[in-house]
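**Q** Fold the following.
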Amino acid sequence: MSRTLLRQGMSYGLIGVIVLLVDWLVFVAFSASGMATIPANLLGRIAGAALSFWSNGTFTFKDDNGSRLGWRRLARYVVTWLAMAGLSTYAMYSIDQHAALAWAWVAKPFVDLFLAAVVFAVSRYWIYE
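**A** Numbering: from 1, shown residues only. Just a heads-up that it's a prediction; the model follows:
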């Protein structure tokens with residue numbers, strides 16, 4: 001495994017834990033206050049997305065020229081985010097409907113960790129290429 005991949009993986013993981021916590025806290029706060037699962041999850045995902053794009057572009061995938069942000073990368077990030085937000089929201093809604101909201105709260109970190117593994121590869125080879 002290359003040093004770059006190892007550094008990126010560790011940085012992505014650390015930032016991911018922070019982003020996951022922000023996303024989860026926003027989801028729980030809004031859904032506990034009575035907001036429906038779908039908008040509560042989307043608000044959590046948006047809060048996490050803003051932090052994630054900037055942090056990963058600035059730290060995780062930076063190169064010798066500095067950060068890897070910009071409009072083209074943001075557009076790619078948004079496309080990826082929409083797909084992942086759709087999958088996450090569908091999962092939270094389904095769990096809420098078939099089990100209970102409390103189970104959606106418990107499941108959200110695990111669902112989003114799985115999705116994060118997919119997004120790491122997409123980020124490395126497409127978004128922040």
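
**Q** Does the helix or strand harbouring residue 79 pack against any helices or strands, and if so which?
**A** Using DSSP states H and E, residue 79 maps to helix 71-98. Counting contacts by 3 or more CB pairs under 8 Å, 6 or more residues apart in numbering; DSSP states H and E, helix 71-98 is packed against helix 37-55, helix 101-122. From N, CA and C alone the C-beta is placed, and that goes for glycine too.

**Q** so which of the ones you listed is the most packed in?
**A** helix 37-55 (a mean of 19; mean count of other CB atoms under 10 Å).

**Q** outside of that one, which residues touch it?
**A** Defining contact as CB atoms under 8 Å, 6 or more residues apart in numbering, one finds that helix 37-55 is touched by 15-16, 18-20, 22-27, 30-31, 35, 69, 74, 77, 81, 84-85, 88-89, 92-93, 96, 101, 104, 108.

**Q** next one: that helix to chain centre, how far?
**A** 7 Å (CA atoms, centre = their mean, to the nearest Å).

**Q** Check the spacing between residue 111 and residue 51 real quick.
**A** 18 Å (CB to CB, to the nearest Å).

**Q** show me where pLDDT drops low in this structure?
**A** The chain contains residues with pLDDT under 70 at 1.

**Q** Longest helix in it, please.
**A** helix 3-32 (DSSP state H).
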